[in-house]
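A.B. asks: Pasted the sequence and its predicted model underneath.
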Amino acid sequence: MKALMSYLQPVEPAVDLPALEREVLATWAKEDTFRKSVERRPVARSYVFYDGPPFATGLPHYGHILTSVIKDLIPRFYTMCGYRVERRFGWDCHGVPAEYETERALGLEGKDDIERMGMAAFNEACRSTVLRYTQEWERTMTRIGRWVDYQNDYKTMDPSFMESVWWVFKQLWEAGLIYRDYKVVHYSWRLSTSYSNFEATLDDAYREREDPAVVVPFRLDGEGAAYLLAWTTTPWTLPSNMALAVGPDTAYRQVRSVRDSREADYVVASSRVNDWFPRGTYEVVAEFEGRALVGKTYRPLFPYFAHLKGEGAFVVVGADFVSTEEGTGAVHLAPAFGEDDFYAAKAEGIPLVNPVDDAGRFTGEVPDFAGMNVFDANPAIVDRLAAEGKLFAQHTVVHPYPHDWRTDTPLIYRAVPSWYVDVTALKERMLANNAQINWVPAHLRDGAVGNWLANARDWAISRSRYWGTPIPAWECAACGHTLVVGSVAELEERAGVSGIGDLHRHFIDPIAIPCPACGAVMRRVPEVLDCWFESGSMPYGQAHYPFENKAWFEDNFPADFIVEYTGQIRGWFYTLVVLSTALFDAPPFKDAVVHGVTLGDDGRKMSKRLRNYPDPEEIADEYGADTLRLYLMDHPVLDARDSRIEREGNVQVYRRFTLPL
């Protein structure tokens, strides 16, 4: 008993948990505990964890802290089981987030300002911007007790990482999975670039927006002509109208009514007549199905493209996407500014016009509104219609609308040339590989994840920007030949140069390659890759595969573990599955933990402006980081549910568990 008593030391009755934690952190730092815990385990017994790269242009928030606690917990467990668990921190350095942050810092207002500044100067400014918050990240993550290697981190802007991305692109190109096309995509006029379809579904991309809605009468040609009423919430697309669409099997009525002292006939879906014509104010002249309207022509609403009437424009077509749940049962088609419009027009041979420039302004093809942003032009277009007697009705709608979540500006749908990954060709294999992954919670495999993969569409991977991994494709203007390179060595050999050390545009674009088909000069295509393509290439980029670490990577792929929040089902998880399926026909990871979105204590999304959540540093300083970790690890958000983070929950963990322990 005396020996035992001499071993035990007295403790203070008042416990200062933050002070104890700082002592532990100091001991870990002094003794280099994390590095030793990794290096003392054999490489041959590795447990592989992929750390998703956060954007290096922002500060860590509760969502990052929650994910980081899980990223710390699982690797610690496997370390205690004798596995070597290397944990490299990663940084997502490229793309629109970095560019927009730099634009704001420099007072720039878009691509015109960047071009005046010069791409080289702008890219170097981006380079200095992206790692602004690294020390803050390291301080916060260290304070919550996370072990992760910051010294041996990976950055998507490193030449080694970018070279692996080139290799990935070339593998897909040679497999016939890369193609170029002209399609309608989500488009940011503020940043003058397209977005992939899944990117417009992430986080709070869809927001409530108030827009003008108009009903416009289009005069059908022929004897006893009537007006076909069409409804739209995007009046700015009306100058580009090329066709009208009706439901072939939908019932329509031709009604006669007096408006503004003039009697006229109007065609509208039977189920919508009373929405636009009060009972007793009209006479039903005829009833028919929509197919009776198909093939009819009509007068152009505006004169700008009236010359195309003899070339297939201004015709009524049948389309399955026409709905009668709202509107009039007729849809106006502007093929360059709507996905359904685009494909319907393409199938019918209807011309496409695109009088909107890269900055979202009308071009000189529409002289009355030239230079106006399309959204700013809405009131002017509505006024013009009213003045010319071409406005049947007008009201305001509040509806969810896609926004650029980085710039807070509304996106538009716009036809642009893009490079695509043929995801539809991979769909069945992606589903098969997904079935091999242990998703936590389990219902995600065949639920949210499986449904997303089953409905996956081709992925637009090119961006008309500057700071990113250049698409490694060179084109010959003389014969049209395209050459894709997959490494620095290949580029140096083909171009007859040496010492290429940086792969960003301002270093690579000047490099010419002799065309192997005709001998003329080939130049690189101007686009860079979507930063999500880089994120999906992370397993290969962080290891500089296949140029280094080839045997280790192939022995340790797929990864053992990964964790992120539900939004990454359509983001990072998805791009990892696409590329691993394309490259290796294998899942990219074995176990995936997916948590929900952390909400403020008022049930709304966390907002620094609203201050609707307890500050994590205050919690750690008052109750200890271990209390915060315990609270988060027993939280409903771990069941992939969006849940509140509340101070009281931390208080209860502190009183009931941490203090007694």
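C.D. replies: Thanks, I have the structure now.

A.B. asks: Now the phi/psi pair for residue 284, please.
C.D. replies: Backbone torsions of residue 284, given as degrees, to the nearest 10, read phi -80, psi 120.

A.B. asks: show me the contacts for it.
C.D. replies: 253, 254, 255 (CB atoms under 8 Å, 6 or more residues apart in numbering). No exception for glycine: its C-beta is placed from N, CA and C like everyone else's.

A.B. asks: Show me which of these is closest to residue 593.
C.D. replies: Using CB to CB, residue 253 comes nearest to residue 593 of those, at 56.2 Å.

A.B. asks: tell me the secondary structure for that closest one?
C.D. replies: strand (DSSP: H, G, I helix; E, B strand; the rest coil).

A.B. asks: ok, what's across the strand from it?
C.D. replies: Per DSSP bridges, residues listed as beta-bridge partners of residue 253: residue 268, residue 287.

A.B. asks: Could you tell me which residues make contact with it?
C.D. replies: 267, 268, 269, 270, 273, 284, 285, 286, 287.

A.B. asks: Tell me which two of the residues you listed sit farthest apart.
C.D. replies: Top of the distance list for the contacts of residue 253 (CB to CB): 269 and 285, 15.1 Å.

A.B. asks: Which strand runs longest in the chain?
C.D. replies: strand 206-219 (DSSP state E).

A.B. asks: list the helices and strands that one packs on?
C.D. replies: Identification of packing neighbours for strand 206-219 by 3 or more CB pairs under 8 Å, 6 or more residues apart in numbering; DSSP states H and E yields strand 227-232, helix 374-387, strand 393-404.

A.B. asks: So which elements touch the shortest one?
C.D. replies: I take that to be strand 227-232. When contacts are defined as 3+ CB pairs under 8 Å, 6+ apart, strand 227-232 packs onto strand 206-219, strand 243-246, strand 262-269, strand 330-333.

A.B. asks: Over to the last one?
C.D. replies: Other elements packing on strand 393-404 under the criterion 3+ CB pairs under 8 Å, 6+ apart are strand 206-219, strand 409-410.

A.B. asks: I'd like those strands as TSV, with mean pLDDT and mean neighbour count appended.
C.D. replies: As requested, the helices and strands packed on strand 393-404 are exported to TSV (pLDDT from 0 to 100; neighbours: other CB atoms under 10 Å):
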stretch	mean pLDDT	mean neighbour count
strand 206-219	91	17
strand 409-410	90	17
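
A.B. asks: quick one: residue 278 from residue 527, how far?
C.D. replies: 54 Å (CB to CB, to the nearest Å).

A.B. asks: These two: which is more packed in?
C.D. replies: residue 527 (22 against 9; other CB atoms under 10 Å).

A.B. asks: Tell me who's in contact with the more buried one.
C.D. replies: Contacts of residue 527 by CB under 8 Å, 6+ apart are 419, 462, 463, 464, 465, 470, 471.

A.B. asks: so what's the nearest residue to it once chain neighbours are set aside up against?
C.D. replies: Distances taken as CB to CB, 6 or more residues apart in numbering place residue 462 nearest to residue 527, at 3.9 Å, with adjacent residues excluded. Residues counted as contacts of residue 462 (CB under 8 Å, 6+ apart) are 194, 418, 419, 471, 527, 528, 529, 530.

A.B. asks: mind listing what's buried in stretch 386-397?
C.D. replies: Within stretch 386-397, the residues that count as buried by 16 or more other CB atoms under 10 Å are 390, 391, 392.

A.B. asks: Low-confidence ranges, the stretch 51-200 of the chain, go.
C.D. replies: Across the stretch 51-200 of the chain, the ranges flagged by pLDDT under 70 are 56-58, 200.

A.B. asks: Strands of that one, start to end?
C.D. replies: Ranges of strands within the stretch 51-200 of the chain are 88-91, 149-155, 178-188, 193-195, based on DSSP state E, counting those that start in this stretch.

A.B. asks: now those as CSV including distance to residue 425 and mean neighbour count?
C.D. replies: Converted to CSV, the strands of the stretch 51-200 of the chain look like this (distance: least, CB to CB, whole Å; neighbours: other CB atoms under 10 Å):
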stretch, distance to residue 425, mean neighbour count
strand 88-91, 29, 21
strand 149-155, 30, 16
strand 178-188, 10, 19
strand 193-195, 21, 25
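
A.B. asks: Just send the ones you listed back as a markdown table, with distance to residue 478 too.
C.D. replies: Shown next, in a markdown table, are the strands of the stretch 51-200 of the chain (distance: least, CB to CB, whole Å):
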| stretch | distance to residue 478 |
| --- | --- |
| strand 88-91 | 41 |
| strand 149-155 | 38 |
| strand 178-188 | 18 |
| strand 193-195 | 28 |
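
A.B. asks: Quick check: mean pLDDT of stretch 286-301?
C.D. replies: For stretch 286-301, the mean pLDDT works out to 96.

A.B. asks: Could you give the separation of that stretch from the chain centroid?
C.D. replies: 39 Å (CA atoms, centre = their mean, to the nearest Å).

A.B. asks: what's in contact with that stretch?
C.D. replies: Contacts of stretch 286-301 (CB under 8 Å, 6+ apart): 216, 218-222, 228, 238-239, 241, 244, 246-254, 267, 270, 306, 309, 313-318, 322, 329, 385, 390.

A.B. asks: how about CSV for the helices and strands packed on strand 227-232, with distance to residue 94 added?
C.D. replies: Shown next, in CSV, are the helices and strands packed on strand 227-232 (distance: least, CB to CB, whole Å):
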stretch, distance to residue 94
strand 206-219, 25
strand 243-246, 40
strand 262-269, 48
strand 330-333, 36
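
A.B. asks: nearest to residue 181, of those strands?
C.D. replies: strand 330-333 (19.5 Å).

A.B. asks: buried residues in the helix or strand that comes right after the closest one?
C.D. replies: Using DSSP states H and E, the next helix or strand after strand 330-333 towards the C-terminus is helix 339-348. For helix 339-348, the buried set under the neighbour-count rule, 16+ other CB under 10 Å, comprises 339, 340, 341, 342, 344, 345, 348.

A.B. asks: who are the neighbours in contact with residue 167?
C.D. replies: Taking CB under 8 Å, 6+ apart, one finds 486, 487, 540, 545, 546, 547 in contact with residue 167.

A.B. asks: Correct me if wrong: the second one contacts residue 164.
C.D. replies: Okay, so that is residue 487. No. Here residue 487 does not reach residue 164: they are 9.3 Å apart, not a contact under CB atoms under 8 Å.

A.B. asks: So if I had to pick from those two, which one is more boxed in?
C.D. replies: It is residue 164, of residue 487 and residue 164, that has more neighbours when counted by other CB under 10 Å, with 27 against 16.

A.B. asks: With adjacent residues omitted, what lies nearest to residue 659?
C.D. replies: Nearest to residue 659 is residue 15, by CB to CB, 6+ apart, at 6.5 Å.

A.B. asks: meant to ask about residue 629, not that
C.D. replies: Using CB to CB, 6+ apart and skipping the chain neighbours, the partner closest in space to residue 629 is residue 69 (5.0 Å).

A.B. asks: got TSV for the helices and strands packed on strand 206-219, with mean pLDDT too?
C.D. replies: Listed next are those as TSV, based on pLDDT from 0 to 100:
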stretch	mean pLDDT
strand 227-232	96
helix 374-387	96
strand 393-404	88
